[in-house]
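1. coords below, sequence missing:
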């Protein structure tokens, strides 16, 4: 179905409700639906009505309502409050209720939290009879409304019949409405959807935190008022649709958690395949083993492939409290996890079948011969010998045809030449950390020296060098240079002496084990960076050169697939946003 087919005709609420679940699946869709329900309610569009044009200036010039049902009126709060004394009252100045006045029992002091959480049982601040009588004007009665007025502004709650007798503090406003004109439940809808969106309340002022406008301003604001019976019907419809939203959200949350758990289980099985599987033999009652770890890995990978779209194409929003931003998809989180799995498998030798004739000893020998030559020719300085690996130091298992070594043994890490501006041509590339996008390692901008003059010395790099951001290594900023240039000293240029593919080195430095090592090897609180000694000692899984190239080819292929999935999910998110915007426009405009 095309997106345009889902957008309801203007005023076609029935079609909109039928497609409720489709809209709810959009990122942030349930919250958008709740807001839309409230918007429709205070415009008279939630129930069938005969509409007429209203005097826009009379209502509120900043609030765009052009039509209302014929039998609605334009009123102000001062016209609908009860006729009892202190029917609308902001809490006393802070100096009137100090903590020194509080006693163990007596008259309760109601605070911001009671409005925010709609729970009058919270809190245990009380004042004595004398203080209560002094602040009698701020007494709150059952069925009164309280409104939060500082910080989290605009939350409305109704005082229950069984409330403790008490007063409000300075962070609340109390309102007693004439229930023959304006119902409390409708006012809750009205205040959220209308008053909080007027120019006066949209731009609340305050130094440390926002504060509610004055009672005088609030009392003077005009608002659309439906007849009493219409208010009841609107509240009932709002409640019905909000319950539907809550149900859909709960279902989504459960589905999202299920997909996340399934992905975690699938990845764990892939990374830690069973050493053997036991099956009952058809010829005997004894159990026999017939599945090798390699076969188990293949089975687990096949299981992921069978459920690939479910795990990595999921457009459900992340469960509350999870995900890095409000509108973040389960599929995006799983794709991020899949990338880490691919790299974890790659540097463990599990992503490709090992070549039987391959042996890393010859490659390592070539590498060390080239290192000795460069030291002899004074291309690099001789560094302190690094200790080899003990068995229990190895980050993970690798094939027998590979070897564990250290970055400082097989690369020129920390040996970059320094250049100042006088040694750099105008057209030379000058790279800073902010030019590299975190996590993706995408180069955001390429700046020439003439456009970025610098005072401090820079590290020199050549085409093919891996450029590793040692400052805040958790940002995962790594590049392979496509031209010569210079970079910030917070970026380490490096390459293997021999028999190390730069793209393989790049993927190693972006792999989970390396990122964990780097994060655990930083110093400095505000600006954590990995020291040169830690960088030199970093573990490096060294396969034969041909194997490195095969790994790079496979990783590149799978990362392209992941990027395509991410692009599709991002497009789905964009389409869903456009659908919601078009729906709001069709129903509200």
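-> Arrived safely, thanks for sending. Keep in mind the model is a prediction, meaning the values are calculated, not measured.
2. what's the distance between residue 541 and residue 166?
-> The gap separating residue 541 from residue 166 is 68 Å, by CB to CB, to the nearest Å. C-betas here are computed from N, CA, C, even on glycine.
3. Correction: the previous question concerned residue 53.
-> 46 Å.
4. of the two, who's got more company?
-> residue 166 (24 against 8; other CB atoms under 10 Å).
5. ok, the more buried one to residue 30 distance?
-> From residue 166 to residue 30 the distance is 36 Å (CB to CB).
6. Kindly check the end-to-end length of stretch 521-535 for me.
-> By CA to CA, to the nearest Å, the extent of stretch 521-535 from end to end equals 8 Å.
7. Start at 623, not 1
-> Yep, numbering from 623; the last one is stretch 1143-1157 now.
8. Now do that stretch, average pLDDT.
-> Mean pLDDT, stretch 1143-1157: 92.
9. can you give me how far that stretch is from the chain middle?
-> Relative to its chain's centre, stretch 1143-1157 lies at 27 Å (CA atoms, centre = their mean, to the nearest Å).
10. got it, and stretch 691-708?
-> How far stretch 691-708 lies from its chain's middle: 43 Å, per CA atoms, centre = their mean.
11. Would you mind measuring the gap between the ends of that stretch?
-> With CA to CA as the measure, the ends of stretch 691-708 fall 33 Å from one another.
12. you'd agree residue 768 is up against residue 798?
-> No - under the criterion of CB atoms under 8 Å, residue 768 makes no contact with residue 798, lying 10.6 Å away.
13. Who has more neighbours out of the two?
-> residue 768 (26 against 21).
14. Wasn't the more buried one part of a strand?
-> Yes - under DSSP: H, G, I helix; E, B strand; the rest coil, residue 768 falls within a strand.
15. got the contact list for it?
-> 732, 736-737, 762, 778-779, 781, 790, 794-797 (CB atoms under 8 Å, 6 or more residues apart in numbering).
16. domain parsing for the chain?
-> 695-847, 982-1165 (automatic domain parsing).
17. tell me how far the ends of the last one are from each other?
-> End-to-end distance for domain 982-1165: 6 Å, by CA to CA.
18. and that domain, how far from the chain's centre?
-> 30 Å.
19. Of the domains of the chain, which is nearest residue 878?
-> Of all the domains of the chain, domain 982-1165 sits nearest to residue 878, with 21.7 Å by CB to CB.
20. Show me the helices in the stretch 973-1122 of the chain, by range?
-> 982-998, 1029-1032 (DSSP state H, counting those that start in this stretch).
21. Deepest-packed of these, please.
-> Ranked by average neighbour count under the criterion mean count of other CB atoms under 10 Å, the helices of the stretch 973-1122 of the chain are headed by helix 1029-1032 at a mean of 24.
22. what does it rub up against?
-> With CB under 8 Å, 6+ apart, helix 1029-1032 has contacts from 986, 989-990, 993, 1005, 1008, 1035-1036, 1116, 1118-1119, 1122, 1157-1162, 1164.
23. For the stretch 723-872 of the chain, give me the ranges with low pLDDT.
-> 827-830 (pLDDT under 70).
24. coming back round to it: of all the helices of the stretch 973-1122 of the chain, which one is nearest residue 702?
-> helix 1029-1032 (73.6 Å).
25. any idea of the mean pLDDT in the closest one?
-> Here the average pLDDT along helix 1029-1032 is 96.
26. now stretch 641-656
-> 78.
27. Give me the distance between the two termini of it.
-> End-to-end distance for stretch 641-656: 14 Å, by CA to CA.
28. buried ones in it?
-> For stretch 641-656, the neighbour count (16 or more other CB atoms under 10 Å) marks 641-642, 645-656 as buried.
29. Filter those down to the ones in strands?
-> Secondary structure assignment (DSSP state E) places none of the buried residues of stretch 641-656 within strands.
30. Tell me the one of the residues you listed nearest residue 834?
-> Among those, residue 656 lies closest to residue 834 (CB to CB), at 22.6 Å.
31. wait, what's in contact with the closest one?
-> Residues near residue 656 by CB under 8 Å, 6+ apart: 864, 867.
32. any low-confidence regions in the stretch 973-1122 of the chain?
-> Along the stretch 973-1122 of the chain, segments meeting pLDDT under 70 span 979.
33. where exactly do the strands run in the stretch 973-1122 of the chain?
-> For the stretch 973-1122 of the chain, the strands defined by DSSP state E, counting those that start in this stretch occupy 1025-1028, 1040-1041, 1051-1053, 1069-1070, 1080-1083, 1088-1091, 1100-1102, 1107-1109, 1113-1116.
34. For burial, what's the neighbour tally of residue 935?
-> By the measure other CB under 10 Å, the count of residues near residue 935 is 16.
35. Tell me the predicted confidence for it.
-> 79.
36. What separation is there between it and residue 1194?
-> Here residue 935 is placed at a distance of 9 Å from residue 1194 (CB to CB).
37. sorry, back to before: out of the helices of the stretch 973-1122 of the chain, which is closest to residue 886?
-> helix 1029-1032 (30.6 Å).
38. buried set for stretch 1012-1019?
-> Neighbour counts over stretch 1012-1019 (16+ other CB under 10 Å) mark residue 1017 as buried.
39. Which one of the helices of the stretch 973-1122 of the chain lies nearest to residue 874?
-> Of the helices of the stretch 973-1122 of the chain, the one closest to residue 874 (CB to CB) turns out to be helix 1029-1032, at 44.7 Å.
40. tally of neighbours for the closest residue to residue 1192 other than its chain neighbours?
-> Spatially, and ignoring its direct neighbours in sequence, residue 1192 is nearest to residue 954 (7.8 Å; CB to CB, 6 or more residues apart in numbering). Residue 954 has 22 neighbours, counted by other CB under 10 Å.
41. Can you verify my assumption that residue 954 contacts residue 1188?
-> Yes - because the distance of 6.4 Å satisfies CB under 8 Å, residue 954 is recorded as touching residue 1188.
42. so what's the nearest residue to residue 1132 once chain neighbours are set aside up against?
-> Spatial nearest neighbour of residue 1132, excluding adjacent residues (CB to CB, 6+ apart): residue 1100 at 5.4 Å. By CB under 8 Å, 6+ apart, the residues touching residue 1100 are 1058, 1063, 1088-1091, 1128, 1131-1132.
43. contacting residues around the residue lying closest to residue 785 once chain neighbours are set aside?
-> Excluding the flanking residues, the one nearest residue 785 by CB to CB, 6+ apart is residue 742, at 4.9 Å. Residue 742 is in contact with 732, 736, 779, 781-782, 785-786, counting by CB under 8 Å, 6+ apart.
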